[in-house]
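Chemist: Here is a sequence with its predicted model. Questions after.
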Amino acid sequence: MPSKAEQESFLPSTPGKLKDKSHSMHRQFHRCFTSTSTMFLWALFLVALTAAYLSFQSFVDSGSKYFHTAWGGIQWEKQVRSSAQIRRQGGFSVLVTGAGGFVGSHVSLALKKRGDGVVGLDNFNDYYDPSLKKSRKNLLNSQGVFVVDGDINDARLLAKLFEIAPLSHVMHLAAQAGVRYAMENPHSYVHSNIAGLVTLLEACKKADPQPALVWASSSSVYGLNEKAPFSESDRTDRPASLYAATKKAGEEITHTYNHIYGLSITGLRFFTVYGPWGRPDMAYFSFTRNILQGKPITIYRGKNRVELARDFTYIDDIVKGCVASLDTSKKSTGSGGKKRGPAQFRIFNLGNTSPVTVPMMVSLLEKHLKLKAKKHFLEMPGNGDVPFTHANISSAQIELGYKPTTDLQTGLRKFVRWYLSYYGYNHGKSLK
């Protein structure tokens with residue numbers, strides 16, 4: 001683990017006996033299925049019943065953690081209030097969901113640094129190494145940010161937070177991330193990205209006053225779009241993955257709450273965010289680990305051996321866009337769950353506008369690590385990934401003053417420096 005001074009150097013730069021009736025039952029079923037239409041209705045009923053059971057079982061399984069999470073009490077409330085306290089004139093009091101995550105931790109630190117009140121919320125699930133999330137939490141604690149261990153599906157917890165803290169804004173960054181993992185655990189995406197979002201929106205709707213909401217959508221919503229660069233006005237009705245579909249559903253759901261209840265909402269479509277304290281499931285992160293350990297890396301190619309490309313966006317630039325979205329958010333117009341006038345609704349791309357091929361990204365990692373990668377090339381499987389991403393950021397430039405400044409070479413150099421420090425590596429040898 002790096003020292004406190006080293007950790008601070010990686011902070012973002014921006015401020016549930018019967019009688020035998022089988023014979024009778026047989027006659028009844030025979031009569032029921034004598035018509036084709038009735039058979040169809042029975043089939044639909046069975047499908048719906050099965051789906052309902054699976055959804056409920058998934059909810060119980062994935063939601064079991066927060067039912068057992070302890071929160072509340074005088075000391076807990078005191079910590080929440082202290083963390084939410086604003087320390088600058090005209091500042092905000094912000095609830096940051098997913099605060100133990102990559103983007104959430106950086107945004108929380110940036111807001112706290114400039115004097116805003118910040119209360120974090122995270123369930124610290126094991127989608128990837130929870131110890132990394134706990135380390136981010138420790139860093140946040142050292143800077144005066146209290147992170148509540150809880151789930152966004154816990155309506156009682158959310159209501160309590162709005163009751164005891166004067167939250168003016170919500171930065172909703174909690175989500176089930178990752179495109180490929182959706183093929184393994186699809187229910188987790190519905191639980192977090194749709195059910196969790198609705199639970200949070202309900203809490204915001206009922207709050208008085210209602211907060212302004214900024215939340216993370218994704219560039220994945222562009223799906224099979226072939227027009228480049230991707231603009232906010234482009235069609236987003238052809239998702240290539242379940243993850244993308246849940247994010248697109250989120251955009252429609254937030255629009256509904258904006259239209260009916262007057263919530264001020266801004267959606268941000270992030271483009272391949274990377275940097276210090278990043279997510280281990282991301283290619284640049286896992287490639288770094290494997291190169292250092294002398295293990296091969298798999299590089300996917302598109303059809304006809306076309307190289308995949310991504311609009312890699314450095315974390316500090318994303319933080320700037322998030323903070324600017326908060327700064328330009330207008331007040332919600334609802335009160336007590338009733339809309340009193342039209343409310344602001346926006347969607348922005350936050351990218352770097354300079355797509356780089358994956359092989360080029362690997363070359364830059366090799367340069368910074370001073371090690372050669374053992375490359376294994378494969379054709380991209382049909383797992384939800386898309387061949388390229390490229391952001392048109394003109395709307396964010398005009399309305400947010402958004403201007404990314406970190407190229408991939410510079411950003412990866414900073415990431416590698418953090419990685420070597422955090423994990424104690426020195427040219428493939430552990431210093432621990």
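Modeler: Sure, I can see it.
Chemist: Please save the CA atoms from stretch 161-168 in CSV.
Modeler: In CSV, the C-alpha atoms belonging to stretch 161-168 read as follows (Å, rounded to 0.1, in the frame of the first residue of the first chain):
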residue,chain,number,x,y,z
LEU,A,161,-30.5,9.7,4.7
PHE,A,162,-32.8,12.4,3.2
GLU,A,163,-34.4,12.9,6.6
ILE,A,164,-31.2,13.6,8.6
ALA,A,165,-29.1,15.4,6.0
PRO,A,166,-29.9,18.4,3.9
LEU,A,167,-29.0,16.7,0.6
SER,A,168,-29.3,19.2,-2.3
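Chemist: Could you check how far Glu252 is from Gly294?
Modeler: 46 Å (CB to CB, to the nearest Å). No exception for glycine: its C-beta is placed from N, CA and C like everyone else's.
Chemist: same question, Gly223
Modeler: Applying CB to CB to Gly223 and Gly294 gives a distance of 37 Å.
Chemist: contacting residues for Pro186?
Modeler: The neighbourhood of Pro186, defined by CB atoms under 8 Å, 6 or more residues apart in numbering, consists of Leu242.
Chemist: picking that back up, neighbour count: Gly223 and Gly294, which is higher?
Modeler: Gly223 (19 against 11; other CB atoms under 10 Å).
Chemist: which ones are touching the more buried one?
Modeler: Per CB under 8 Å, 6+ apart, neighbours of Gly223: Thr236, Asp237, Arg238, Pro239, Ala240, Ser241, Ala244, Val386.
Chemist: Please list all residues in contact with the fourth one.
Modeler: Residues in contact with Pro239, defined by CB under 8 Å, 6+ apart, are Ser220, Val221, Gly223, Leu224, Ala245, Lys248.
Chemist: Sketch out the strands for the stretch 201-350 of the chain, chain order is fine.
Modeler: Secondary structure of the stretch 201-350 of the chain (DSSP state E, counting those that start in this stretch): strands at 212-216, 265-270, 273-274, 296-301, 309-310, 313-314, 334-335, 338-339, 345-350.
Chemist: average model confidence for the fifth one?
Modeler: Strand 309-310 shows an average pLDDT of 94 in the prediction.
Chemist: for that strand, packing partners?
Modeler: When contacts are defined as 3 or more CB pairs under 8 Å, 6 or more residues apart in numbering; DSSP states H and E, strand 309-310 packs onto strand 356-357, helix 358-369.
Chemist: Val362 and Ala373 touch, don't they?
Modeler: Yes. The pair Val362 / Ala373 is scored as a contact, 5.6 Å apart, by CB atoms under 8 Å.
Chemist: Can you pull the residues that touch both of those two?
Modeler: Phe287, Ile297.
Chemist: Might one say that Asp316 is in contact with Gly275?
Modeler: Yes. The criterion here is CB under 8 Å, and Asp316 meets it with Gly275 at 7.0 Å.
Chemist: Compare these two (neighbour count), which wins?
Modeler: More crowded of Asp316 and Gly275, by other CB under 10 Å: Gly275, with 26 against 20.
Chemist: burial count for the nearest residue to the more buried one once chain neighbours are set aside?
Modeler: Leaving aside its chain neighbours, Gly275 sits nearest to Ile315 (3.3 Å; criterion: CB to CB, 6 or more residues apart in numbering). For Ile315, the neighbour count with other CB under 10 Å is 26.
Chemist: and Ile315, what does it touch?
Modeler: Taking CB under 8 Å, 6+ apart as the test, what Ile315 contacts is Pro12, Phe102, Val103, His106, Val273, Tyr274, Gly275, Pro276, Trp277, Gly278, Gly411.
Chemist: can you redo those as CSV with pLDDT and distance to Gly401?
Modeler: As requested, those are exported to CSV (pLDDT from 0 to 100; distance: CB to CB, whole Å):
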residue, pLDDT, distance to Gly401
Pro12, 56, 17
Phe102, 98, 23
Val103, 98, 19
His106, 98, 19
Val273, 98, 19
Tyr274, 98, 22
Gly275, 98, 21
Pro276, 98, 24
Trp277, 98, 25
Gly278, 98, 25
Gly411, 98, 20
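Chemist: with the residues you listed in mind, which one is nearest to His368?
Modeler: For the contacts of Ile315, the residue nearest His368 by CB to CB is Gly411; the value is 10.4 Å.
Chemist: Quick check, that closest one in contact with Tyr274.
Modeler: Yes. Using CB under 8 Å, Gly411 is in contact with Tyr274, at 6.3 Å.
Chemist: tally of neighbours for the nearest residue to Thr328 once chain neighbours are set aside?
Modeler: Excluding the flanking residues, the one nearest Thr328 by CB to CB, 6+ apart is Leu400, at 6.1 Å. Under the neighbour criterion other CB under 10 Å, Leu400 is assigned a count of 22.
Chemist: Also Arg289?
Modeler: Arg289: 14 surrounding residues under other CB under 10 Å.
Chemist: do the same with the one 10 residues further on
Modeler: If you count neighbours by other CB under 10 Å, Ile299 ends up with 20.
Chemist: does it really touch Glu379, like I thought?
Modeler: No. Ile299 is not in contact with Glu379 according to CB under 8 Å; the separation is 10.7 Å.
Chemist: re earlier: joint contacts of Gly411 and Tyr274?
Modeler: Going by CB under 8 Å, 6+ apart, residues that sit against Gly411 and also against Tyr274 are Phe312, Tyr314, Ile315.
Chemist: Of these, just say which sits nearest to Asn123.
Modeler: Nearest to Asn123, judged by CB to CB, of the shared contacts of Gly411 and Tyr274 is Ile315 at 21.7 Å.
Chemist: pLDDT below threshold where in the chain?
Modeler: Along the chain, the parts satisfying pLDDT under 70 run over 1-69, 382-384, 426-432.
Chemist: Give me the residue at the spatial middle of it.
Modeler: Ala175 (3.8 Å; CA atoms, centre = their mean).
Chemist: Not including adjacent chain positions, what is the nearest residue to that one?
Modeler: Asn193 is the one closest to Ala175 (CB to CB, 6+ apart), at 5.3 Å.
Chemist: Can you select the buried ones among the contacts of Gly223 for me in PyMOL?
Modeler: PyMOL command restricting the contacts of Gly223 to the buried ones, with burial defined by 16 or more other CB atoms under 10 Å:
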select buried, resi 236+239+240+241+244+386
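Chemist: Dump the contacts of Gly223 into a markdown table; add distance to Ser142 as well.
Modeler: Listed next are those as a markdown table, based on distance: CB to CB, whole Å:
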| residue | distance to Ser142 |
| --- | --- |
| Thr236 | 40 |
| Asp237 | 45 |
| Arg238 | 45 |
| Pro239 | 39 |
| Ala240 | 40 |
| Ser241 | 37 |
| Ala244 | 36 |
| Val386 | 39 |
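Chemist: Let's see which of the contacts of Gly223 end up in helices.
Modeler: Here DSSP state H is the test, and those give Ala244 as lying in helices.
Chemist: I'm done for today, thanks for sticking with me.
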